[in-house]
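J.: here is my input; please provide its structure:
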Amino acid sequence: MERTTFFRKENWLNIFYLDINNRALRVDSIVLYNENGKLVEILDLTPMGDNLLSFSGKTFLKRKVDFTKKINFVISSNKDSWGETRYILYIYEKNVEWEKAGFTKCVDLIYRKYIINGIEFETFIKSIGEKSWQYRNQLEEELKKFDIFNFPMNTEELENICNELKEYNRLYLEEQRKIKEYIPTQEDFE
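T.: Have a look, this model is predicted:
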């Protein structure tokens, strides 16, 4: 059976290509699909590195997405600033071995891991730190009120600023604790 394999024009760049009809087409993302639609969308191909993904079946250049045919195909997505067209690769799910390999947390970002033909990829799911950043920004805004040109302040104004600082600090620390203790669950991905 025919196989399609990625290649790189330059070994030091993580830019990946497929040879389609004797043309090198730059692929920026991969979509695994079945007849019901998209299953997985991989936007970051850099984990391939030197382990270039190879999969069963010929890959065709198409003008539009069609999930009814059980083939691999590429669709143009956009042009980069140098005018090179970039492509999205659609792989029919049965042409690769793939599995969901769990979840990972990086600071306050949650990712789902997939293994496709032995190569581990991650897809961003969500951020759990939005409130933390809001509270931090509010803390910084309250601190700005302690401008040297605003002194001396009346006692009531000073107390209000200090109370706001204490409250935003408490909320910020609580969010940081939640982020640190957070463990991704299946509910995050439904």
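
J.: run through who's touching the lengthiest strand in the chain.
T.: Looking across the chain with DSSP state E, the single longest strand is strand 23-34. For strand 23-34, contacts defined as C-beta atoms under 8 Å, 6 or more residues apart in numbering pick out 6-7, 9, 15-19, 38-43, 45, 53, 61, 67, 74, 77, 84-94, 96, 98, 116, 121. The C-beta positions use only the backbone N, C-alpha and C, and glycine is treated the same way.

J.: do the same with stretch 4-12
T.: Contacts of stretch 4-12 (C-beta under 8 Å, 6+ apart): 14-19, 24, 27, 48, 50, 52-55, 57-59, 72.

J.: please repeat the previous calculation with a cut-off of 7 Å.
T.: Contact partners of stretch 4-12, identified using C-beta atoms under 7 Å, 6 or more residues apart in numbering, comprise 15-18, 24, 48, 52-55, 57-59, 72.

J.: just the buried ones among the residues you listed, please.
T.: By neighbour count, with 16 or more other C-beta atoms under 10 Å, the contacts of stretch 4-12 hold 15-18, 48, 53, 55, 57, 59, 72 as buried.

J.: where does the chain dip in pLDDT?
T.: For the chain, the stretches with pLDDT under 70 are 1, 148-151, 185-190.

J.: spatially nearest residue to Leu52, not counting backbone neighbours?
T.: Phe6 (4.3 Å; C-beta to C-beta, 6 or more residues apart in numbering).

J.: the one you found and Glu41, how far apart?
T.: With distances taken as C-beta to C-beta, to the nearest Å, Phe6 is found 17 Å from Glu41.
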